[in-house]
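Engineer: Okay, here's the prediction I keep looking at, along with the sequence it came from:
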Amino acid sequence: MIFLIESNAISYCPICGESLIYRDSCERGMLLEGRERRRFLIRRLKCSKCGKLHRELPDFLAPFKQYATEIISGVLDGIVQPEDEDSVDHPCEKTMSCWHHWLMADQLRIDGYLKSIGYCLLGFSEELLNSGMSLLTELRSSIPEWLETILRFIYNSGGFLVSV
Ligand SMILES: [Zn+2]
């Protein structure tokens, strides 16, 4: 079975923030838990400014397989510290630093998606989106379940995040 990954939202370049245009589609296999293999048809988009190609690919789930998103966001927000080792599913220090690196590396990409979703679905104005404000920073400071919210938004719109 082939799953078509597509979204009608305008996508923005995770590197420079410009809009992306459709280029072509390619097939990719992904191994799911339980050794189930799925094939995805993925759109490739090209940035109208820097020319970089981006794939719309939902494989960002990999780094989150073992832990609940509230543990991850707790670590990222500094609520869960390496010394709180009272819980069984407590991630090790190396895992925690991986998550911090992932968020730093994916910050622009996340903001690109949030801008795209904000424009198409939430009716944010272009002035707001071009103001240089980080929607990710805004979300993080306003709701405790920010990570679940952005993952749901991005995943539901057919988007992807890179894993480091
Ligand atoms: Zn670009």
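Structural biologist: Yep, that arrived. Residues are numbered from 1 along each chain as shown.
Engineer: going forward, measure contacts between C-alpha atoms and count neighbours the same way
Structural biologist: OK.
Engineer: For this protein, which segments count as strands?
Structural biologist: 2-5, 20-31, 37-47, 53-55 (DSSP state E).
Engineer: weakest of the ones you listed in terms of mean pLDDT?
Structural biologist: Ranked by mean pLDDT, the strands of the chain end with strand 2-5 at the bottom, a mean of 43.
Engineer: list the buried ones in stretch 94-104?
Structural biologist: 96, 99, 100, 102, 103 (16 or more other CA atoms under 10 Å).
Engineer: how far away is the closest residue to the third one other than its chain neighbours from residue 109?
Structural biologist: In space, and not counting its chain neighbours, residue 100 is closest to residue 76: 6.1 Å by CA to CA, 6 or more residues apart in numbering. Relative to residue 109, residue 76 is positioned 17 Å away (criterion: CA to CA, to the nearest Å).
Engineer: higher neighbour count, those two?
Structural biologist: Neighbour count, other CA atoms under 10 Å: between residue 76 and residue 109, residue 109 has more, with 22 against 19.
Engineer: Run through the neighbouring helices and strands of the longest helix seen in the chain.
Structural biologist: Using DSSP state H to define each element, the chain has its longest helix at helix 93-120. When contacts are defined as 3 or more CA pairs under 8 Å, 6 or more residues apart in numbering; DSSP states H and E, helix 93-120 packs onto helix 69-76, helix 126-129, helix 135-142, helix 146-156.
Engineer: what would the ones you listed look like in TSV with distance to the ion and mean pLDDT?
Structural biologist: Below are the helices and strands packed on helix 93-120 laid out as TSV (distance: least, CA to the ion, whole Å; pLDDT from 0 to 100):
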stretch	distance to the ion	mean pLDDT
helix 69-76	27	75
helix 126-129	16	76
helix 135-142	19	86
helix 146-156	19	74
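Engineer: Dump those helices into TSV; add distance to residue 23 as well.
Structural biologist: Listed next are those as TSV, based on distance: least, CA to CA, whole Å:
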stretch	distance to residue 23
helix 69-76	33
helix 126-129	25
helix 135-142	27
helix 146-156	21
